[in-house]
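S.K.: Okay, structure incoming, though there's no sequence with it:
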């Protein structure tokens, strides 16, 4: 095979390496196999549950529909892998928040190197286990309250602890075991496969609902209503534009020029070197949308759990399909803006960046080292974060508004969060595959 010496491998070279190079081919096949295994596990039933009754009880439930995006329909299907990677995602977010607040965790991440990162990974697994136990017990109790739980072929009697507690314990144990197994598969994909295992599991869960949405869309188009057909075309064009915009913003960076000072090592003089500090336009990724959606869904969840009429009324007004959709959209945009700045402040510390540049003997042209540099970086970050938040707000609201205007709701489960996750993970996975192809290319050149 003739390989190109260009920096970025072509699509032909990438696919050829995936088919011929044993190392890369093995990683790809292992990743595909693990993802298929996880999908099969979602449909392995938990015993003693009337699934038809449970599906009827949770149909149209906003909380279940939101969480099912990340569980691939596992929550409504109540399979062994119903929780999927959700506990691990929650644990990772919690650890990221705690790392910025707890000095000992921050020291592990910044100063302990690989050993510190392994320690944080171990703590994340323990937190994921605890979170899985809590979610499993809560889900089991929810099944009992819906009347779908069974024991000995009859419904569970809520007044009999001998019925309730064995069912809750066995169901929670099955769910926890399934969640931990999925977490292990995700780490296996990260270490021996292609891409980030947890992210790929989320993408597979999201994409698994696309065939059903496409089928419903085709059925809608076959009704012969020209307005609906036109609405479907408009909606698909909007999704295409949003995907292009997501790729542009996810790849967009602000390059701050940096000059390294001239230095002498022995008798050799190293001249000034110019480079740049890349700051991404959307530094916080999809996290602001997830946090904003979780905050807005919290009153709905509490109202359903407590059966409080006052909270139920509040939840109705905060619902996107309620009497005041403008209130939901406005709160969503404000929360996205707030969490964009909040998450960016956790990810990047301008003072730390300024100190690191000073230690390396580097500086920004025209900006004094120290506080002036940190202030300059903070101003640039604030502008980038605002632009990224505006874009996230558009991504979160435009598809929903177009669906309402066109009356085409078949893609309702595939919204802004799903688009951002799928496109972002696809970009990262493609870059990792290209990295492997480049390494194979240079190994071949050395062997020649």
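M.R.: Thanks, I have the structure now. Bear in mind that the values here come from a model prediction, so they are computed numbers and not experimental data.

S.K.: Please point out which parts of the lengthiest helix in the chain sit buried.
M.R.: In the chain, with assignment by DSSP state H, the single longest helix is helix 371-406. Neighbour counts over helix 371-406 (16 or more other CB atoms under 10 Å) mark 373-374, 376-378, 380-381, 384-385, 387-389, 391-400, 402-403, 406 as buried. C-beta here means a position set from N, CA and C on the backbone, and glycine is covered the same way.

S.K.: Ok, stretch 162-177 next?
M.R.: Those buried within stretch 162-177 under the rule 16+ other CB under 10 Å are 163, 164, 167, 168, 171, 172, 174, 175, 176.

S.K.: With stretch 187-201 instead?
M.R.: By neighbour count on 16+ other CB under 10 Å, the buried set for stretch 187-201 is 189, 190, 193, 194, 195, 196, 197, 198, 199, 200, 201.

S.K.: ok, back up a step: and the buried residues of stretch 162-177, which is closest to residue 333?
M.R.: The nearest member of those to residue 333, counting by CB to CB, is residue 175 at 35.4 Å.

S.K.: isn't the closest one right up against residue 138?
M.R.: No. With contact defined as CB atoms under 8 Å, residue 175 does not reach residue 138; the gap is 10.0 Å.

S.K.: So residue 357, which state does it fall into?
M.R.: Here residue 357 takes the helix state, with states given by DSSP: H, G, I helix; E, B strand; the rest coil.

S.K.: Please, where are all the helices along the stretch 301-448 of the chain?
M.R.: Along the stretch 301-448 of the chain, the stretches classed as helices by DSSP state H, counting those that start in this stretch are 309-318, 325-347, 350-359, 371-406, 416-447.

S.K.: In CSV, list the ones you listed along with distance to residue 208.
M.R.: Below are the helices of the stretch 301-448 of the chain laid out as CSV (distance: least, CB to CB, whole Å):
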stretch, distance to residue 208
helix 309-318, 28
helix 325-347, 26
helix 350-359, 40
helix 371-406, 19
helix 416-447, 11
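
S.K.: These into TSV, with extra columns for distance to residue 104 and mean pLDDT?
M.R.: Below are the helices of the stretch 301-448 of the chain laid out as TSV (distance: least, CB to CB, whole Å; pLDDT from 0 to 100):
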stretch	distance to residue 104	mean pLDDT
helix 309-318	38	73
helix 325-347	17	83
helix 350-359	17	84
helix 371-406	24	84
helix 416-447	30	74
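
S.K.: Residue 117: which of these is closest?
M.R.: helix 325-347 (15.9 Å).

S.K.: Would you mind measuring from the residue lying closest to residue 45 once chain neighbours are set aside to residue 247?
M.R.: In space, and not counting its chain neighbours, residue 45 is closest to residue 79: 6.3 Å by CB to CB, 6 or more residues apart in numbering. According to CB to CB, to the nearest Å, residue 79 stands 33 Å off from residue 247.

S.K.: quick one: which of these two has more around it?
M.R.: Per other CB atoms under 10 Å, whichever of residue 79 and residue 247 has more neighbours is residue 79, with 25 against 14.

S.K.: per-residue confidence at the more buried one?
M.R.: Per-residue pLDDT puts residue 79 at 80.

S.K.: shift numbering so it begins at 30
M.R.: Will do, 30 is the new start, and the previous item becomes residue 108.

S.K.: Phi first, then psi, for it.
M.R.: Per-residue torsions, residue 108: phi -90, psi 180 (degrees, to the nearest 10).

S.K.: residues contacting it?
M.R.: Contacts for residue 108 (CB atoms under 8 Å, 6 or more residues apart in numbering) come out as 70, 71, 72, 73, 74, 75, 207.

S.K.: Now with 6 Å, please.
M.R.: 71, 72, 73 (CB atoms under 6 Å, 6 or more residues apart in numbering).

S.K.: now swap in residue 230 and tell me
M.R.: 114, 215.

S.K.: Can you check my assumption that it lies in a helix?
M.R.: Yes. Counting by three-state DSSP, residue 230 falls inside a helix.

S.K.: low-confidence ranges in the stretch 30-179 of the chain?
M.R.: 30-51, 89-96, 98-103 (pLDDT under 70).

S.K.: Strands of that one, start to end?
M.R.: Assigned strands in the stretch 30-179 of the chain, in chain order: 179-180 (criterion: DSSP state E, counting those that start in this stretch).

S.K.: ok, residue 137 - how many residues close by?
M.R.: 19.

S.K.: Residues contacting stretch 202-211, please?
M.R.: Contacts for stretch 202-211 (CB under 6 Å, 6+ apart): 67, 75, 109, 110, 111, 112, 113, 114, 116, 161, 162, 165.

S.K.: What is the neighbour count of residue 380?
M.R.: When neighbours are counted by other CB under 10 Å, residue 380 comes out with 14.

S.K.: Any figure for the gap between it and residue 240?
M.R.: Distance from residue 380 to residue 240, by CB to CB: 49 Å.

S.K.: Next: residue 340.
M.R.: Taking CB to CB, one finds residue 340 at 37 Å from residue 240.

S.K.: Looking at these two, which is more packed in?
M.R.: In terms of neighbours (other CB under 10 Å), residue 340 is the more surrounded of residue 340 and residue 240; the figures are 17 against 9.
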